[in-house]
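Have a look at this prediction, sequence included:
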Amino acid sequence: MIANDKLNMTMLCDFYELTMSQGYFGNGYKDRITYFDLFFRRCPDGGGFAIAAGLEQIVEYIQELHFDPEDIEYLRGRKIFSEEFLAYLADFKFTGDIWAVPEGTPVFPKEPILTVRAPAIEAQLIETFLLLCVNHQSLIATKANRVVRAAQGRTVLEFGSRRAQGADAAILGARAAYIGGCHGTACTISDQLFGVRAGGTMAHAWVQMFDTEYEAFKAYCEMYPENPTLLVDTYNTLKSGVPNAIRVFNEVLKPRGLTKCGIRLDSGDMAYLTQKARKMLDDAGWTDCKISVSNSLDEHIIQDVLRQGAQIDLFGVGERLITARSEPVFGGVYKLVAVEDKDGEVRPKIKISENVGKITTPHYKKLYRFYGNDTGKAIADYLCVYDETVDDSQNMEIFDPDATWKTKTVYNFTARELQVPIFKDGKLVYDLPTLEEIRTYCMEQVDTLWDEVKRFDNPHTYYVDLSQKLWDIKYGLLKENGKNK
């Protein structure tokens, strides 16, 4: 692994960002103001929504944007960059504007999570890093939120560092999992860096290290008598592990008046074993003993074992969370949506494709979320042109942009702009919330979604509607290009 102090993340870009930037430089577009939207096209795992995450790392990246002399020398060695362009890069910094939805916000396909307004080269060069931050952390936060909802209020810990795809994936994955609702992590450095509470007990190696399982349990409880958790499935969960745990709890904890303790299972039929273990513990008087489980869990397995009557207080979820194994790509994209003429007029741009799902929504836009005043629930999201406003004191008719005959009248509602200013003229204007504040905000905002939207299977489609003005602009551009769809 390369030490972080030897890395300049400005160089973490696709090479074509640099070749295009030199092209803009040489063709007089260096200072042309552009607008880019970062959005995604479909929710992971067929879900009804995603959780936005990764903004804090983007802020840190933008603040550090620069090219070191070593970077310039490397680029010079490629023999395709002019000295004039390299001189420009030597003094490079970000001078544009960025708006974004706050981390922890539930978001939906085709709406801008983040918008960049900046000179063409600046906006282009940051594409790769912005995407990798949002794609990775939003993916993990979304998966974590699904797992946490499946657990129905039980504690969920992120256990996946050893299966993560690299150090950054482990560290930032734990952060994203916490945003999504996990209560803590096994990753110590994520606690050190972000305050994601790290914890853990023992591996099977601890139990195997001693001559007997009983000795292993006793040694551990004597060393950590305050709320110890014993791994009971090394040999035989019901015939050996649980009885030995009860014996040690009686011998070590009970004389000290301690009642908080736990057992963990990492294999076997979780529904059956936890029911039997719960009865054994309760019959022995250890009714406060918590039962934890791990072993390749995900939201579907958790949901199933709970339906089968499993007696579980805590889930440790590893590889299927930290890698989002069921669908390990978020699919966020970064597309040009507008440019400014020399007189400051904003001109919309559209990307057209034979694949209808890849047609973009043009223009510099505002993103609203409508909440019912009587329920507090989110009704729909609404995209409009930047110079439009929403009057939520009046009833409003909205329509499905893909099926315009489907309309709905929204009344007694509050409209809230979702994007907030992050950078203005290259200066940070946003107070970064704490991770705890982000997690709390995420939980509050997920609660504003109807249960139908939160279903794992066949969730209700939450609409992201376009204003009439924006719809007219989009379909006018399609018609101009002979692709009226």
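Here it is on my side, so go on.

in which helix or strand would I find the closest residue to Thr409 other than its chain neighbours?
Nearest residue to Thr409, sequence neighbours excluded (Cβ to Cβ, 6 or more residues apart in numbering): Glu397, at 5.3 Å. From N, CA and C alone the C-beta is placed, and that goes for glycine too. Element membership for Glu397, per DSSP states H and E: strand 396-400.

buried residues in that strand?
By neighbour count on 16 or more other Cβ atoms under 10 Å, the buried set for strand 396-400 is 396, 398-400.

Could I get the residues you listed in JSON lines, plus columns for pLDDT?
Below are those laid out as JSON lines (pLDDT from 0 to 100):
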{"residue": "Met396", "pLDDT": "96"}
{"residue": "Ile398", "pLDDT": "95"}
{"residue": "Phe399", "pLDDT": "94"}
{"residue": "Asp400", "pLDDT": "90"}
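
For these, could you give me CSV that also reports distance to Thr19?
Shown next, in CSV, are these (distance: Cβ to Cβ, whole Å):
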residue, distance to Thr19
Met396, 46
Ile398, 42
Phe399, 42
Asp400, 40
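
Specify which member of these is nearest to Cys442.
Using Cβ to Cβ, Ile398 comes nearest to Cys442 of the buried residues of strand 396-400, at 25.8 Å.

three-state assignment of the closest residue to that closest one other than its chain neighbours?
Excluding the flanking residues, the one nearest Ile398 by Cβ to Cβ, 6+ apart is Asp465, at 4.4 Å. Classification of Asp465 by DSSP: H, G, I helix; E, B strand; the rest coil places it in strand.

residues contacting the most far-flung residue of the chain relative to its centre?
Distance from the centre of the chain peaks at Pro255, with 45.8 Å (Cα atoms, centre = their mean). Contact analysis of Pro255 by Cβ atoms under 8 Å, 6 or more residues apart in numbering lists nothing.

pretty sure it belongs to a helix, no?
Yes - according to three-state DSSP, Pro255 belongs to a helix.

Tell me, how many residues neighbour the nearest residue to Thr434 once chain neighbours are set aside?
Excluding its sequence neighbours, the residue lying closest to Thr434 (Cβ to Cβ, 6+ apart) is Gly195, at 7.9 Å. Gly195 has 13 neighbouring residues, counting by other Cβ atoms under 10 Å.

My understanding was that Gly195 contacts Glu436; is that so?
Yes - assessed by Cβ atoms under 8 Å, Gly195 is found in contact with Glu436 at 7.3 Å.

Please read off the pLDDT at Asp387 from the model.
Predicted confidence (pLDDT) for Asp387: 96.

Provide the count of other residues in contact range of it.
Residues lying near Asp387 (other Cβ under 10 Å) number 10.

So it, which state does it fall into?
Strictly by three-state DSSP, Asp387 counts as coil.

Check Lys276 too.
helix.

pLDDT at it, what is it?
Taking Lys276 on its own, its pLDDT is 98.

Can you get me a residue count around the closest residue to it other than its chain neighbours?
Leaving aside its sequence neighbours, Lys276 sits nearest to Leu238 (Cβ to Cβ, 6+ apart; 5.5 Å). Using other Cβ under 10 Å, Leu238 is surrounded by 15 other residues.

so how far is Asp269 from Leu238?
11 Å (Cβ to Cβ, to the nearest Å).

Please apply the same query to Thr185.
From Thr185 over to Asp269 the distance is 27 Å, taken as Cβ to Cβ.

One more: Ala378?
39 Å.

what's the first-to-last distance across stretch 155-171?
20 Å (Cα to Cα, to the nearest Å).

cool, and stretch 230-242?
End-to-end distance (Cα to Cα), stretch 230-242: 9 Å.

ok, and for that stretch, which residues are buried?
In stretch 230-242, counting by 16+ other Cβ under 10 Å, buried: 230-234, 237, 240-242.

if we can go back for a sec, now the residue nearest to Lys276. Its backbone dihedrals?
Phi and psi for Leu238, reported as degrees, to the nearest 10, are phi -90, psi -30.

Just the strands from the stretch 301-450 of the chain, written as ranges.
314-317, 332-340, 346-348, 365-372, 378-385, 396-400, 403-410, 413-417, 420-424, 427-428 (DSSP state E, counting those that start in this stretch).

just the CA coordinates of the longest one, formatted as PDB?
So the one you mean is strand 332-340. The C-alpha trace of strand 332-340 is given here as PDB (Å, rounded to 0.1, in the frame of the first residue of the first chain):
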ATOM      1  CA  GLY A 332     -23.700   7.100 -10.500                       C
ATOM      2  CA  VAL A 333     -22.800   9.200 -13.600                       C
ATOM      3  CA  TYR A 334     -21.600  12.700 -14.200                       C
ATOM      4  CA  LYS A 335     -23.100  14.500 -17.100                       C
ATOM      5  CA  LEU A 336     -22.900  18.000 -18.700                       C
ATOM      6  CA  VAL A 337     -26.300  19.600 -18.500                       C
ATOM      7  CA  ALA A 338     -25.700  23.300 -19.400                       C
ATOM      8  CA  VAL A 339     -23.100  25.900 -20.500                       C
ATOM      9  CA  GLU A 340     -23.000  29.600 -20.100                       C
END
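
Surely Leu428 and Val59 touch.
Yes - the pair Leu428 and Val59 passes the contact test of Cβ under 8 Å, sitting 6.4 Å apart.
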